[in-house]
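Peer 1: Starting from these lines, generate the structure:
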Amino acid sequence: MSLARTAARSLPWSDLDAIANRMDRIFGNSSPESRPFGNLTCGASWIPPVSVEERAHEIVLTAELPGMKADQVEINLENNVLAISGEKTESRTEDERSGKFHLVERSFGSFRRSFTLPRTIRAEGITAEFDNGLLIVTLPKADEALSRKIEVSRRS
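Peer 2: Okay, the predicted model is just below:
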């Protein structure tokens, strides 16, 4: 039995697009200077997608880690660099009873992502929680980084 992805085959350059998309995910699609938060670490087996959102009082980093548990993830902070690492193990077995795989697109293996934090982050206030395959790291801003309204007085 042969399984084919017909939707991807409908475009003439689909194979080239797929390769380009994978290369962008592995190496990033812009120069390091324009990516102040994220650096990809070479040698990783897979790279979980991450979003970084700036809010009024904090920066929230969310990483997609499907199929993983909190105890499989490690977070370290050193020299203003936040590193998230872990290993996602493959759980598939192939034998006569359970069947055999014809297509596997799920990613497994070790990963490491590192993010250079702005100096305006309060390191002692960083928290992390794991919920339903999402790692949510909250990075509180230091008081001097928060915007505030300055009253203008009238000279008499």
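Peer 1: Next one, pLDDT for I47 please.
Peer 2: Turning to I47, the model gives it a pLDDT of 88.
Peer 1: can you map out the strands along this protein?
Peer 2: Along the chain, the segments classed as strands by DSSP state E run 39-40, 50-54, 58-64, 73-78, 81-88, 109-116, 127-131, 134-140.
Peer 1: what angle do the second one and strand 134-140 make?
Peer 2: Using axes from the mean of the first three to the mean of the last three Cα atoms, to 10 degrees, the inter-axis angle of strand 50-54 relative to strand 134-140 is 30 degrees.
Peer 1: so what's the residue nearest the centre of the chain up against?
Peer 2: Centroid-nearest residue in the chain: V50, 2.5 Å away (criterion: Cα atoms, centre = their mean). Taking Cβ atoms under 8 Å, 6 or more residues apart in numbering, we find V50 in contact with G38, L61, T62, A63, E64, R113. Bear in mind the C-beta positions are built from the backbone N, C-alpha and C, glycine included.
Peer 1: for the strands of the chain, which one sits closest to R154?
Peer 2: Proximity of these to R154 was assessed by Cβ to Cβ; the nearest stretch is strand 50-54, lying at 34.5 Å.
Peer 1: if we can go back for a sec, let's have the strands of the chain in JSON lines, adding mean pLDDT and distance to D95.
Peer 2: Listed next are the strands of the chain as JSON lines, based on pLDDT from 0 to 100; distance: least, Cβ to Cβ, whole Å:
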{"stretch": "strand 39-40", "mean pLDDT": "48", "distance to D95": "36"}
{"stretch": "strand 50-54", "mean pLDDT": "95", "distance to D95": "36"}
{"stretch": "strand 58-64", "mean pLDDT": "96", "distance to D95": "31"}
{"stretch": "strand 73-78", "mean pLDDT": "96", "distance to D95": "31"}
{"stretch": "strand 81-88", "mean pLDDT": "95", "distance to D95": "22"}
{"stretch": "strand 109-116", "mean pLDDT": "93", "distance to D95": "22"}
{"stretch": "strand 127-131", "mean pLDDT": "97", "distance to D95": "32"}
{"stretch": "strand 134-140", "mean pLDDT": "98", "distance to D95": "33"}
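Peer 1: could you dump the ones you listed to JSON lines with distance to K149?
Peer 2: Conversion of the strands of the chain to JSON lines gives the following (distance: least, Cβ to Cβ, whole Å):
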{"stretch": "strand 39-40", "distance to K149": "36"}
{"stretch": "strand 50-54", "distance to K149": "19"}
{"stretch": "strand 58-64", "distance to K149": "19"}
{"stretch": "strand 73-78", "distance to K149": "32"}
{"stretch": "strand 81-88", "distance to K149": "31"}
{"stretch": "strand 109-116", "distance to K149": "30"}
{"stretch": "strand 127-131", "distance to K149": "28"}
{"stretch": "strand 134-140", "distance to K149": "20"}
